[in-house]
Each structure stands twice: as C-alpha cells, then as structure tokens.
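Q: any chance you can model this:
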Amino acid sequence: PEISQETSLPESTGASDANSQETPLPESTGASDAAETAQADRACDLEPHALSFGVSGGLAQRLCKAAAELDTAAATVWEEALDYERVDLAEVCCPPDSVLTSTMLEVGGSARRYSWWNGFDLVTRAGAEKLQETLRKARPRVIWASPPNDETSKPEDQRNPEKATNLAAQRRRNRRIQQNLCWLLCALYAEGWCEVVLEQPASCGSWRSTLADLKTQFPWVGVDGCAVGLRDANTRQLVSKPWHIVCTHERLRTVLAGRRCPGGHEHAPCFGKLATEPGGYTKAMAHLSCKAVLAQKKTEAFCGRFRG
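A: Here you go, the predicted structure:
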C-alpha cells in the first residue's frame with residue numbers, strides 16, 4: 001500500500017481551544033523578581049553577564065564558585081612556595097656561639113646569625129642595606145636583634161683622658177648601630193613578611209634616646225632575669241636583670257610577658273656588664289622564645305591547609 005505524504009492535523013474542538021486560551025500564565029510580583037535578581041547578583045558578580053550569554057543562573061553560580069576556588073588554590077600554592085625553606089629565626093648583632101640560635105637548632109628549627117664577624121658591619125648604612133637584601137632573600141619568620149647599648153663609665157674613667165676618649169668613640173659607634181638597626185627593622189616589618197624583636201637591658205640609656213621611637217611604635221614586654229633562671233656565675237644566686245623587649249610576634253610576646261620576678265627570694269647584685277650587656281640569655285629564656293616561634297609557625301601552617 002502507498003503511504004501518503006500528506007498528514008492531516010487533528011481537528012480541535014472549540015471547547016479545547018477555549019480552554020487553552022483561557023489558561024493564564026503565572027504572574028510574578030515586582031518584589032519577588034527584584035529579590036531573585038538581587039540574590040543572583042550577590043551570588044556572583046559575573047552572573048548577569050553570564051545570563052546575557054544564555055548561561056543559566058545555577059550554572060553561572062557553579063562556574064563562579066569554581067573560579068574562586070581555583071584563584072584561592074593558586075594563591076595558596078604561591079604562599080607555600082614563598083614559605084618553602086624559610087629560616088625560622090635570624091639573629092642580628094650576636095656572638096658566633098649565641099645561645100638563642102643554638103637553642104633554635106636544638107629544638108628542630110632553623111636559624112642564622114648575622115653580625116660584624118661574618119661580614120655585616122651595621123656601623124654604616126651600607127652595611128645595613130647589605131643585610132636588608134640578604135634577609136629579603138632568606139625571608140626569616142622572626143628577626144631578633146640585640147644591638148650594643150650606650151656604654152656607661154666609672155668616675156675614674158672620666159678622669160683618664162685616653163679612656164674617656166675611647167668611651168665617647170664607643171658610644172658614637174653603638175648609637176650608629178642602633179640607628180641603622182631601627183631603620184632596618186622598621187623597613188623589613190613594613191614589607192609584611194616577618195616579625196621583629198629588639199632587646200636591650202631595661203637600664204640602658206638607649207631606651208631614652210636612640211631607641212625611644214621604636215618603643216613607642218611597637219609593643220614591648222618586660223622580662224626579669226630571675227624569672228628565667230639567670231644566676232650569678234660565682235654565687236649561683238638569682239639575678240634580677242630586667243630586659244625590655246620590643247616584639248611584634250604576638251605569641252612570643254604573650255609567652256614572655258608573664259616572666260616577671262615573683263618575689264620570695266634574694267637577688268645577687270647586678271652591675272657592670274651583667275647589668276648593661278645585651279643578649280646573655282639563659283637557656284630557659286631561649287627555649288621559651290624558640291618554642292613560641294615554632295608553635296606559631298605550626299599554627300600558620302595548619303590554618304593554611306584548612307583554608308586550602
């Protein structure tokens with residue numbers, strides 16, 4: 001049998017036509033439309049543009065979410081790359097066998113020393129700029145400085161012309177180091193990738209002169225030597241040598257803030273170099289400080305993985 005190529009459309013009754021014409025489309029209120037539009041705009045700034053190209057609202061939201069996650073992942077990888085093999089502690093103006101750096105290495109951290117004896121003479125601005133570039137490459141998490149303080153003199157030294165001249169020259173040298181260190185620490189801290197610490201005995205005149213501005217710009221804490229086990233080398237009595245420590249590292253500052261003399265014990269006399277010499281930290285103080293730096297490092301690493 002032949003198949004007809006003409007196909008007749010089914011005839012519609014008047015009733016069905018009337019029904020189809022009378023069925024109203026759902027009306028939307030202006031308020032609901034505005035709310036839906038606002039919600040879509042908040043979901044993603046790119047969505048209105050995506051909708052203009054025929055992308056549905058749900059798909060646009062998913063695309064924007066994926067783009068944001070990709071951008072965050074790229075930033076996280078970049079931060080991890082910058083943190084790779086960063087030094088935990090850079091100790092500035094320290095002896096070759098400083099307790100602080102040795103302790104950091106003992107507890108599993110990384111540390112480096114920078115001072116005149118290994119090529120960083122901070123008496124000149126050129127030496128400070130050299131150290132600045134070196135630290136920018138190493139990117140230490142914490143920069144800890146213990147500059148020499150203003151030398152004190154005995155009355156008999158002032159009566160000796162040669163000694164008085166030498167002491168005056170030493171004071172000028174030490175103040176130049178302090179000034180260059182203040183400039184260096186402020187410049188590096190402003191770059192946002194490190195914390196800075198500067199220590200001097202509380203009795204040093206530098207806190208009232210060269211370092212006065214630094215102490216007003218940054219938070220600081222006081223630490224008493226007897227609270228961290230400082231003892232006289234001969235009598236083994238506790239020594240109440242107070243330190244003032246400018247410190248931007250919040251966890252380290254919190255740990256050190258409670259180390260004040262509790263009372264109830266006698267103190268050995270504190271005078272001469274023991275009273276005014278920077279550094280000279282006890283093993284207990286160095287251990288507390290290094291543990292605080294490493295604890296903060298672990299916290300930041302955990303938060304970074306959580307964000308990722």
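Q: mind saving the C-alpha coords of stretch 249-261 as CSV?
A: The C-alpha coordinates for stretch 249-261 follow below in CSV (Å, rounded to 0.1, in the frame of the first residue of the first chain):
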residue,chain,number,x,y,z
HIS,A,249,55.4,38.5,67.4
GLU,A,250,52.1,38.1,69.4
ARG,A,251,52.7,34.5,70.7
LEU,A,252,56.3,35.3,71.7
ARG,A,253,55.1,38.5,73.4
THR,A,254,52.5,36.6,75.3
VAL,A,255,54.9,33.9,76.5
LEU,A,256,57.5,36.4,77.7
ALA,A,257,55.0,38.9,79.3
GLY,A,258,54.5,36.7,82.3
ARG,A,259,58.2,36.3,83.2
ARG,A,260,58.5,38.8,86.0
CYS,A,261,60.0,38.4,89.4
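Q: buried ones in it?
A: Residues 249, 251-253, 255-256, 259 are the ones in stretch 249-261 that count as buried (16 or more other CB atoms under 10 Å). Yep, even glycine has a C-beta here, placed from its N, CA and C like the rest.
Q: what's the answer for stretch 239-250, then?
A: Buried, per 16+ other CB under 10 Å, within stretch 239-250: 239-249.
Q: what's the most distant pair in those residues?
A: Farthest-apart pair in these is V239 and T248; separation 27.7 Å (CB to CB).
Q: list the residues that contact T210.
A: 150, 175, 178-179, 182 (CB atoms under 8 Å, 6 or more residues apart in numbering).
Q: in terms of pLDDT, where does S153 sit?
A: S153 is assigned 49 on the pLDDT scale.
Q: which parts of the protein are strands?
A: Remark: strands assigned in the chain by DSSP state E are 89-92, 111-114, 142-145, 195-201, 220-224, 242-247.
Q: any chance of those strands in JSON lines, plus mean pLDDT and distance to L135?
A: Output for the strands of the chain, formatted as JSON lines (pLDDT from 0 to 100; distance: least, CB to CB, whole Å):
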{"stretch": "strand 89-92", "mean pLDDT": "98", "distance to L135": "6"}
{"stretch": "strand 111-114", "mean pLDDT": "97", "distance to L135": "8"}
{"stretch": "strand 142-145", "mean pLDDT": "98", "distance to L135": "7"}
{"stretch": "strand 195-201", "mean pLDDT": "95", "distance to L135": "11"}
{"stretch": "strand 220-224", "mean pLDDT": "96", "distance to L135": "22"}
{"stretch": "strand 242-247", "mean pLDDT": "95", "distance to L135": "17"}
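Q: before we move on, the earlier item: which of the contacts of T210 ranks first by neighbour count?
A: Compared across the contacts of T210, Q178 has the highest neighbour count, 25 neighbours, by other CB atoms under 10 Å.
Q: wait, what's in contact with Y281?
A: Taking CB under 8 Å, 6+ apart, one finds 99-100, 228, 289 in contact with Y281.
Q: again with G108
A: Contact analysis of G108 by CB under 8 Å, 6+ apart lists L294.
Q: now it: how far from D88?
A: 9 Å (CB to CB, to the nearest Å).
Q: which neighbours do these two share?
A: Residues touching both G108 and D88 by CB under 8 Å, 6+ apart: L294.
Q: H265 against G229, yeah?
A: No - contact criterion CB atoms under 8 Å: H265 and G229 do not qualify, at 12.0 Å.
Q: what's the longest helix in this protein?
A: Identified as the longest helix of the chain according to DSSP state H is helix 161-190.
Q: pull out the buried residues from that one.
A: By 16+ other CB under 10 Å, the buried positions in helix 161-190 come out as 167, 171, 174-182, 184-185, 188-189.
Q: before we move on, the earlier item: of H265 and G229, who's got more company?
A: Neighbours were counted for H265 and for G229 using other CB under 10 Å; G229 has more, 15 against 10.
Q: pretty sure the more buried one sits against A284.
A: Yes - with contact defined as CB under 8 Å, G229 reaches A284; the gap is 4.3 Å.
Q: residue contacts, Y114?
A: Y114 touches 90-94, 120, 131, 134-135, counting by CB under 8 Å, 6+ apart.
Q: at 7 Å what do you get?
A: By CB atoms under 7 Å, 6 or more residues apart in numbering, the residues touching Y114 are 90, 92, 120, 131.
Q: dump the residues you listed into TSV; add neighbour count and distance to W144 as well.
A: What follows is those, written out as TSV (neighbours: other CB atoms under 10 Å; distance: CB to CB, whole Å):
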residue	neighbour count	distance to W144
A90	26	7
V92	26	7
F120	17	14
L131	23	13
